[in-house]
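S.K.: here is a sequence with its predicted model. Questions after.
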Amino acid sequence: MNRFTSMQSGHYWSFTTYAVLTSSAWGVLFSGGNVCHHITKSESLYVRCVRGGHGHDGQ
């Protein structure tokens, strides 16, 4: 089941700053599952709105 539909190919921002280099942040490439860091915060990347929650109960 693909819960992420209508996604653009490319990197998406995370909210998390890269601690070693605070001018950079973490990013995610959903199509390949790669997590990247050192992405300069001034770069233009995609954004996906998400919210926290209790998660899936598996039933």
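M.R.: The structure has been received and is ready for your questions.

S.K.: C36 contacts L29, correct?
M.R.: Yes: A contact is recorded between C36 and L29 when judged using CB atoms under 8 Å, the distance being 6.7 Å. Using the backbone N, CA and C atoms, a C-beta is placed for each residue, glycine as well.

S.K.: overlap of the contact sets of these two?
M.R.: H11 (CB atoms under 8 Å, 6 or more residues apart in numbering).

S.K.: looks like L45 contacts Y12 (just checking).
M.R.: Yes: the pair formed by L45 and Y12 meets the contact definition of CB under 8 Å, at 6.1 Å.

S.K.: identify the contacts common to these two.
M.R.: Taking CB under 8 Å, 6+ apart as the contact criterion, the common neighbours of L45 and Y12 are G27.

S.K.: for the chain, which residues score under the pLDDT cut-off?
M.R.: Applying pLDDT under 70 to the chain flags residues 1-4, 50-59.
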